[in-house]
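A.B. asks: below is the structure, and that's it, no one-letter string:
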């Protein structure tokens, strides 16, 4: 009778160990799945952050390119205005030189008479 009791206890201990090992394995699997889900969530978030930063950089580059283009257009406009002013001044200078020449000729003729 003691032997059969010992055998029953040993069987019960084996069953409990098997059950405990099964629970441990199930817990490990759950923890691994949870860790995998967390890693995937982190990777997804990192990817979204990188995408957002890339979009921000592209928008910044476009803004800077627009500003540069506007500066170039303004500079070209100022250059054209300056060239037009120089052209007008040169034309005015020619008129004034011609007037001076006529005045000097008139004075010379008046002096000679």
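C.D. replies: Received it, and whenever you're ready, just let me know what you need. On a predicted model such as this, the values are computed, not experimentally measured, just so you know. Residues are numbered from 1 along each chain as shown.
A.B. asks: which residue is nearest the centroid of the chain?
C.D. replies: residue 57 (0.3 Å; C-alpha atoms, centre = their mean).
A.B. asks: which helix or strand contains it?
C.D. replies: Assessed by DSSP states H and E, residue 57 sits inside helix 2-112.
A.B. asks: avg pLDDT for that helix?
C.D. replies: Averaging pLDDT along helix 2-112 yields 95.
A.B. asks: circling back: list the contacts for the residue nearest to the centre of the chain?
C.D. replies: For residue 57, the contact set (C-beta atoms under 8 Å, 6 or more residues apart in numbering) is empty. Where C-beta positions appear, they are placed from N, C-alpha and C, glycine not excepted.
A.B. asks: what's the spacing between it and residue 47?
C.D. replies: Counting by C-beta to C-beta, to the nearest Å, the gap from residue 57 to residue 47 is 16 Å.
A.B. asks: ok, now residue 54?
C.D. replies: In terms of C-beta to C-beta, residue 54 sits 10 Å off from residue 47.
A.B. asks: same deal with residue 55?
C.D. replies: Residue 55 sits 13 Å away from residue 47, going by C-beta to C-beta.
A.B. asks: residue 18 now?
C.D. replies: Look at residue 18 and residue 47: by C-beta to C-beta, they are 43 Å apart.
A.B. asks: ok, now residue 88?
C.D. replies: From residue 88 to residue 47 the distance is 61 Å (C-beta to C-beta).
A.B. asks: what do you get for residue 30?
C.D. replies: Residue 30 is 26 Å from residue 47, by C-beta to C-beta.
A.B. asks: same thing with residue 113?
C.D. replies: Computed as C-beta to C-beta, the residue 113 to residue 47 distance reads 98 Å.
A.B. asks: ok, these two, which is more surrounded?
C.D. replies: For residue 113 versus residue 47, the count of surrounding residues by other C-beta atoms under 10 Å is larger for residue 47: 10 against 5.
A.B. asks: OK, contacts around residue 58?
C.D. replies: By C-beta under 8 Å, 6+ apart, residue 58 lies in contact with nothing.
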